[in-house]
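Enquirer: No letters, just coordinates:
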DNA sequence: GCCAACGTTGGC
DNA sequence: GCCAACGTTGGC
């Protein structure tokens, strides 16, 4: 099993939005970065664990946990929709350019973990998230980083 | 709202 | 294949 961090702007799609869905599951659409696509297409596997990160929030923070539930990569449906802001005219159903995964809500943190607390933890200085200029919206997390963050969250801090 | 750090595009 | 110009991300 692998560990990942996925960013979303809460004004656009928050962890509460995910939790509110009937099956608490969504296709992670709208990613238009090749590095992120390659991770989702080639490296993410069913059962992998995800930190759900809220970017462009005040403060930016980790909001909870999710999990990959798709067995195989899924073509991002928004690339075929001319009305979508993510429409890609160079993509086709026969040869889709943007592949993604299906993600399911697991837990929401009662208390968020702000970015500055992650940044100030000396054990987490190598995390991609706190590297200068790290904009990648889908990124790998080392197991020891995952464990350290879960320790910072604490067992009593996992809401529904 | 600013802007640094990246990523992408397209002319050559 | 280089690289300047442009667009985007995302913290601050």
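Expert: Good, I have the coordinates. The structure presented is a predicted model; accordingly, all values stated were derived computationally and were not measured. Numbers count the residues shown, from 1 in each chain, chains lettered A, B, ... in the order given.
Enquirer: gap between residue A:95 and residue A:78?
Expert: 16 Å (Cβ to Cβ, to the nearest Å). Glycine gets a C-beta too; all of them are placed from N, C-alpha and C.
Enquirer: Surely residue A:70 and residue A:76 touch.
Expert: No: with contact defined as Cβ atoms under 8 Å, residue A:70 does not count as touching residue A:76 (12.0 Å).
Enquirer: Residue of chain A nearest DNA strand B, please.
Expert: Residue nearest to DNA strand B within chain A: residue A:133 (2.0 Å; Cβ to the nearest atom of the strand).
Enquirer: Now do the SS call for that residue.
Expert: The three-state label given to residue A:133 by DSSP: H, G, I helix; E, B strand; the rest coil is coil.
Enquirer: Mind checking which of residue A:70 and residue A:76 has more residues around it?
Expert: residue A:76 (26 against 18; other Cβ atoms under 10 Å).
Enquirer: Count the neighbours of the nearest residue to the more buried one once chain neighbours are set aside for me.
Expert: Distances taken as Cβ to Cβ, 6 or more residues apart in numbering place residue A:98 nearest to residue A:76, at 4.1 Å, with adjacent residues excluded. If you count neighbours by other Cβ under 10 Å, residue A:98 ends up with 25.
Enquirer: Cool, thanks, talk later.
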